[in-house]
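Enquirer: Here is my input; please provide its structure:
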Amino acid sequence: RKRGSNRNYGSAMDFPVPEAILSVFTVFLICSLCASWFVAPELPCVSAFSKPPSISPDEKDLSAVDGQIVHVDGPLYEVRLEDHEFFFSRRGVKLERVVEMFQWTKRNDNKGNAEYVREWRAELIDSSSHPS
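Expert: This is a model prediction of the structure:
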C-alpha cells in the first residue's frame, strides 16, 4: 500500500477497469469466437486433431488425393529452368510464366450498345472487327 493512498490493490483483478472498456472487450471476444466458428469450417487448413494423408514422392497415381492437403517427405531436386522466349535461365524447382495483355475489349450493354474498354486479359482478343 502506498503512503497517502486510501486504496488497496492486492492483485491485478482488484485494479479498477472502466466498464465501457470491459464491455467492448467482451463484445469483441464474443464476435471473434462466433466469426471463427462460422468461417473456420470453410478454411482449407488441417486442424491439430487430423493428420493429412502421407504419400510417397514416387507415387504416380494421385487421383485419390486430388484437391486435398497431403504430406510428402522426400528429397527436393533443383533443375535447370529455361524460358526461351524471354531468354531466362536459372536453377530452381519450378518456373511458371503468367502473361496478361492490356487490350481493347468489346462489351455490350443491356440496350445493345457496344462499348470498348481496355482490360488486362490472359487470352488474345481478336480486335479486327473493332472500329479504328
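Enquirer: which stretches of the protein have low pLDDT?
Expert: Within the chain, the ranges that satisfy pLDDT under 70 run 1-22, 24, 33-49, 132.
Enquirer: switch to 80 and redo it
Expert: 1-50, 57, 129-132 (pLDDT under 80).
Enquirer: Tell me where it has helices.
Expert: 19-39 (DSSP state H).
Enquirer: For it, just list every one of the strands.
Expert: 54-55, 71-72, 79-83, 88-92, 101-108, 114-121 (DSSP state E).
Enquirer: CSV for those strands, including distance to residue 26 and mean neighbour count?
Expert: Every C-beta, even on glycine, is put in place using the N, C-alpha and C of the backbone. Putting the strands of the chain into CSV (distance: least, C-beta to C-beta, whole Å; neighbours: other C-beta atoms under 10 Å) gives the following:
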stretch, distance to residue 26, mean neighbour count
strand 54-55, 43, 14
strand 71-72, 40, 10
strand 79-83, 54, 11
strand 88-92, 51, 10
strand 101-108, 50, 12
strand 114-121, 46, 10
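Enquirer: Could I get the ones you listed in TSV, plus columns for distance to residue 127?
Expert: TSV is the format used below for those (distance: least, C-beta to C-beta, whole Å):
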stretch	distance to residue 127
strand 54-55	47
strand 71-72	45
strand 79-83	27
strand 88-92	29
strand 101-108	6
strand 114-121	9
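Enquirer: State the number of residues packed around residue 95.
Expert: For residue 95, the neighbour count with other C-beta atoms under 10 Å is 13.
Enquirer: Find the nearest non-adjacent residue to it, please.
Expert: Spatially, and ignoring its direct neighbours in sequence, residue 95 is nearest to residue 81 (3.9 Å; C-beta to C-beta, 6 or more residues apart in numbering).
Enquirer: check contacts around that neighbour.
Expert: Residue 81 makes contacts with 88, 89, 90, 91, 92, 94, 95, as judged by C-beta atoms under 8 Å, 6 or more residues apart in numbering.
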